[in-house]
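Q: Sequence first, predicted model second:
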Amino acid sequence: MFYTSIVIAVDPSDTNPHPARTLVMGVVNVTPNSFSDGGMWADPEVAIRHARDLVAQGADIIDVGGESTRPGAARTFEDEELHRVLPVVKALASDGVTVSVDTMRSSVAEAVVEAGARIVNDVSGGKADPEILNVVAGTGVDYVLMHWRGQSATMQGLIHYEDVVADVISEISQQVDAAQTAGIERERIIVDPGIGFSKTTEQNWQLIDAADVFQKEFKDLRVVWGVSRKRFLGELLADNGQDRPALERDAGTMALSTYFALHHAWCVRTHEVRANRDAMETIARVLA
């Protein structure tokens, strides 16, 4: 079944930080240990079919990840990460899909861009492997720079902030400067506040509440928000003291996507595409 009710067309390669509609980035985890889908798409052929389904449902961008960054996750070996993502990137790029690859490694970034990826989504913002900034600078692709303080195994111990909103903005700004120094043009940089990474539940909500502050502080940059199915939503929607399972958090995710669209976010990153795309189209019509 193909998604045909496209109302407002947006080019995902457009660097305008304020497009007519908030874009939808569909997540495809080619990993056996994702927090949200538990390895459902770990086989590359299955992942390719799933990604094509997400495109049919209205995804503007497909974000392919070969290494889990959930809290506590151990790092994946470089060869394994490449083995997981390259077949998916090549297949989708040949379809003409705008492909983003979620990686912290410069070697992986170089390989996936050669395979056709148009966005490097680095959750470490250039801190895990500073060479990634030089690689991206030389490729001409867009770069998602997320707020990050440490690897998954230790990040939840790095949650002290004087003021979480001000500190996250300051730390992102420092990495934006580092990216520009490496040669990445400012218009190619996309910032991500890093919800769930080195943040408590309350800190996540404080950052979300400050969506308009992020839009103001980074007014000439594109801002993407990734909240899909994350633990703080499971806590909010708990049933009888038990966190709502990850696969049952999509309605909460869509509610936040709508909120971000109302605050003119460039893009939302989500596992469930159709409802989020519908919401983005609807809000664009309301704001038109």
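A: Yes, it's here.

Q: what about the strands in the stretch 1-150 of the chain?
A: Per DSSP state E, counting those that start in this stretch, the stretch 1-150 of the chain carries strands over the ranges 23-29, 61-65, 99-102, 119-122, 142-146.

Q: okay, those strands in a markdown table with distance to E110, mean pLDDT and mean neighbour count next?
A: The way it works is simple: take the backbone N, C-alpha and C, and place the C-beta from them, glycine included. Formatted as a markdown table, the entries for those read as follows, by distance: least, C-beta to C-beta, whole Å; pLDDT from 0 to 100; neighbours: other C-beta atoms under 10 Å:
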| stretch | distance to E110 | mean pLDDT | mean neighbour count |
| --- | --- | --- | --- |
| strand 23-29 | 20 | 96 | 27 |
| strand 61-65 | 15 | 96 | 27 |
| strand 99-102 | 11 | 97 | 29 |
| strand 119-122 | 9 | 98 | 28 |
| strand 142-146 | 13 | 98 | 25 |
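
Q: Minimum distance to S228: which of those strands has it?
A: Closest approach to S228 among the strands of the stretch 1-150 of the chain (C-beta to C-beta): strand 23-29, 6.5 Å.

Q: wait, what's in contact with the spatially closest residue to D102 that is not a sequence neighbour?
A: Residue nearest to D102 in three dimensions, not counting chain neighbours: G65, with 3.6 Å by C-beta to C-beta, 6 or more residues apart in numbering. Shown in contact with G65 (C-beta atoms under 8 Å, 6 or more residues apart in numbering): 27-31, 34, 85, 101-103, 121.

Q: What distance do you get for G65 to V108?
A: G65 sits 11 Å away from V108, going by C-beta to C-beta, to the nearest Å.

Q: looking at it, R149 is touching G157, isn't it?
A: No - R149 is beyond contact range of G157, at 9.3 Å (criterion: C-beta atoms under 8 Å).

Q: Between these two, which is the more surrounded one?
A: R149 (21 against 10; other C-beta atoms under 10 Å).

Q: I'd assumed Q156 was in a helix, is it?
A: Yes - membership of Q156 in a helix is supported by DSSP: H, G, I helix; E, B strand; the rest coil.

Q: so L86 makes contact with E114?
A: No - at 9.4 Å, L86 does not count as touching E114 under the criterion of C-beta under 8 Å.

Q: Name the residue in those two with the higher neighbour count.
A: L86 (22 against 12).

Q: Now that one: closest residue in space that isn't a chain neighbour?
A: Leaving aside its chain neighbours, L86 sits nearest to A115 (5.6 Å; criterion: C-beta to C-beta, 6+ apart).

Q: ok, that neighbour - contacts?
A: Counting by C-beta under 8 Å, 6+ apart, the residues that A115 touches are 86, 89-90, 93.

Q: Which of the residues you listed has the largest number of neighbours?
A: Result: V89 is most packed of the contacts of A115 (other C-beta under 10 Å), 29 neighbours.

Q: Do I have it right that that residue meets S100?
A: No - contact criterion C-beta under 8 Å: V89 and S100 do not qualify, at 9.5 Å.

Q: Identify the contacts common to the two.
A: Shared contacts of V89 and S100, counting by C-beta under 8 Å, 6+ apart, come down to 64, 117.
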